[in-house]
Structures are given as C-alpha cells and as structure tokens.
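J.: just the structure for this:
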Amino acid sequence: MKLNQQIAALVLCTLLGVSVFAGCGRSGDFSELQPAVNKIEYTNLNDSGSRKLLKELLSDTGVPDGRIQSFFRRVNRFNDSVKQEWLTDGFEEAELLYTKYDPYAMQDEWTAKNGTFPGYNCRITAMNLFGDFLSVSADSQINAGEDVLFVDEEALKTDPDALGGSSLADFRALYSSMKAEDTTEIKRHVQTVQEEWTSRGVTFRENERIRLITVFFHDKPTEEESLLFVGHVGVLLTAEDGTLHFVEKVAFQEPYRMLRFADRTALSDYLMGKYDTSWGQDTASPFIMENDKLMDGWRPNTDGGAYADLVPSGGVDEFMDGWRPNPDRKSSAIG
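T.: Numbers count the residues shown, from 1 in each chain. Okay, here's the model as predicted:
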C-alpha cells in the first residue's frame, strides 16, 4: 500500500472511532463496530398483519388516507397478478440478495394478466406515498441530462392517478437526471443534487417520522456526458420505538416490499449491497440521499486494506457523514 493510502486509512479509522463514540452514542473499541448486514427481514404486504402495521405507520406520520388507499390498491393489483408462493406470508428473513421468485417468470406472469402496461416502479410508488411532504415551485427550471423517465411516463399515461395527487411536473422535478461533473468525488455529486433540486424549486417538508431515501447513480453515456440519475428510491418510516421500516417497489414487475432495520447503517448496507456492484470504473459509486442530504448513519468501510484505493483524492474529508461503500465490494487491486 502506498504511504499516502496508509495515512489516509489510519486517519479514516481514527475519525470513525470519534464518530462511533460521540456521534452514535456507542461505547467500546473498534471491535464493537456494527458488522455489515448479510440478512434482511421483509414482507411483500400480502398478509393482514404487515398491511395493518404499514397503514398505521403511514397514518401516524401524516400521509393522507387517499394516498394510503391508492398505494394499497396497486399493491393488491400486483400481488393478485403473480403466484402467491413467490410472496412472503408476513415478515420473513432472507439473505441480502435472495428472492423467492425468478424475475423473468414474474414478469411473464404480470404481462399475462396486464398486457403491455408496465406497472409501477420505485419512483412512482415513492411519489404516491411521499408527495405531501414535497413541494415544487411553479417556476421550476429543469436542467436535465438524458431522459431516464420515459417508461415511468408511459405508465403514468395509462394510470395518471398512480401519483396519488402529485403532478407530473413535480415528478419530473424530483426525478429527472442531472448534468454532473466528471468526477468520482461523492461530496461534489451531493452538492450537485442539492444545487439542482434548489434550482428546480424542490423542497422537503421536515417530518422525522417519514423521509425520502434516494439512491443516486453516476453515469457517463458518452465521453462528453456525465450525469446523475435516481436509480432507486423508497420511503423510510420510523416507528415510535425507533424501528425503521423501508417501503419500496423493487422494480416495475417485481414486488412491493417493507423491510425492517434497526438503524440507517443497516439500511445503507442493504441498498449498497444491491446497487454498489461495480468497481474499477471511471464513475462514482452510488450514494444515498435522505431528503436533501446525504443519509445520516452511513460510514466508510473500515477495511483499510481492501478500500484504501477508495479514499477520495481530496482525503478523508471527502467521505460524507456516515457513508460506507458496499462491504463486499473488492478493490480492483485485490485478488
């Protein structure tokens, strides 16, 4: 390992220790750092117990009843369109990336009953649930990159009510891709998201019980283009006892899910485990926003040997609060 990488890794671990003791309220030494999540607890909302729980959580956070009913009508449509053995019966535990279904077989099953209508994805679902906690100015200006919403908009032409009362203009302001610098520095990309949302007039209504969790991806469609786009999004709900529930639609023709997590670091592990799957690329890793800030509770991975090459050129300060790469991601320099 190069000397500057060793120094950066050492400083990074030192900062982690401070954040663990002071910022997270934990005690002990580095051996007590939370291990990476390798199992999840989730439900496909196909049983009365989990549906009742989610309805209560949504209602308690102030989501209007009309939006809740809209959401569950579409959950019912999807669950009634696929084989029941592919769905959970209440909360079940599984390996991080395990599914009870073959996505291609599920897609065929959906198409057999719904024709060419693609269904609903994560972006449509999140807007339906979160729309009342988001506002967009009437004079919103969108400086978008490549169009990544064309399938979403085709679905919304067939079912415009799927946004739960939110407008297509608001949907575009929140989710349209963003022109970005050609850099791998997460800090700069976070700033781009914040600046672009501000220019679009996107603001979030503060409510600690409900938050929008957005996974941004960096892409370079051509040598001249660099953009950020919303690759996945869901709604985070906090129960009175502090338990976190993450609500998502996995994909157009894959199920709805509600997952249960003890903290945001576990949620980060889940999302990064699914989406931070490339390395050795000239693009930035995916990063997770909570409303308009990088998600609190992330942490850089402490494996200095495997991740020293991920320390940004600007030093450890470039790692935003709590961010951590996928723990299973391996450096291109490691065999």
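
J.: show me how this structure divides into domains.
T.: Annotated domains of the chain cover 1-33+301-335, 37-298 [automatic domain parsing].

J.: quick one: average pLDDT of the last one?
T.: This predicted structure assigns domain 37-298 an average pLDDT of 94.

J.: between the two ends of it, how far is it?
T.: Between the opening and closing residues of domain 37-298 there is a gap of 13 Å (C-alpha to C-alpha, to the nearest Å).

J.: show me what the helix or strand harbouring residue 189 is packed against.
T.: Per DSSP states H and E: residue 189 is located in helix 186-199. The contact analysis (3 or more C-beta pairs under 8 Å, 6 or more residues apart in numbering; DSSP states H and E) places helix 186-199 against strand 178-179, strand 210-219, strand 227-238, strand 287-290, strand 293-294. Where you see a C-beta, it was placed from the backbone N, CA and C, and this is true even at glycine.

J.: neighbours around the nearest residue to residue 284 once chain neighbours are set aside, how many?
T.: The shortest distance from residue 284 to any non-neighbouring residue, by C-beta to C-beta, 6 or more residues apart in numbering, is to residue 218 (4.1 Å). Residue 218: 24 surrounding residues under other C-beta atoms under 10 Å.

J.: with the one 10 residues further on instead?
T.: The criterion is other C-beta under 10 Å. On that basis, residue 228 has 24 neighbouring residues.

J.: quick check: residue 97 is in a helix.
T.: No: with DSSP: H, G, I helix; E, B strand; the rest coil as the criterion, residue 97 is located in coil rather than a helix.

J.: for it, what are its contacts?
T.: Contacts of residue 97 were listed using C-beta atoms under 8 Å, 6 or more residues apart in numbering, and they are 273-274.

J.: how much space between it and residue 40?
T.: Going from residue 97 to residue 40 by C-beta to C-beta, to the nearest Å gives 9 Å.

J.: just checking, residue 84 touches residue 46?
T.: Yes: with contact defined as C-beta atoms under 8 Å, residue 84 counts as touching residue 46 (7.2 Å).

J.: so which of these two has more stuff around it?
T.: Taking other C-beta under 10 Å, residue 84 and residue 46 do not tie; residue 46 has more neighbours (21 against 10).

J.: give the contact list for that one.
T.: Shown in contact with residue 46 (C-beta under 8 Å, 6+ apart): 79, 84, 87-89.

J.: the same query, at a cut-off of 6 Å, please.
T.: Contact partners of residue 46, counting by C-beta atoms under 6 Å, 6 or more residues apart in numbering, are 79, 87.

J.: how close does it get to residue 258?
T.: Distance from residue 46 to residue 258, by C-beta to C-beta: 11 Å.

J.: show me the helices in the stretch 51-200 of the chain, by range?
T.: Under the criterion DSSP state H, counting those that start in this stretch, the stretch 51-200 of the chain contains helices at 65-81, 103-114, 122-130, 150-158, 168-175, 186-199.
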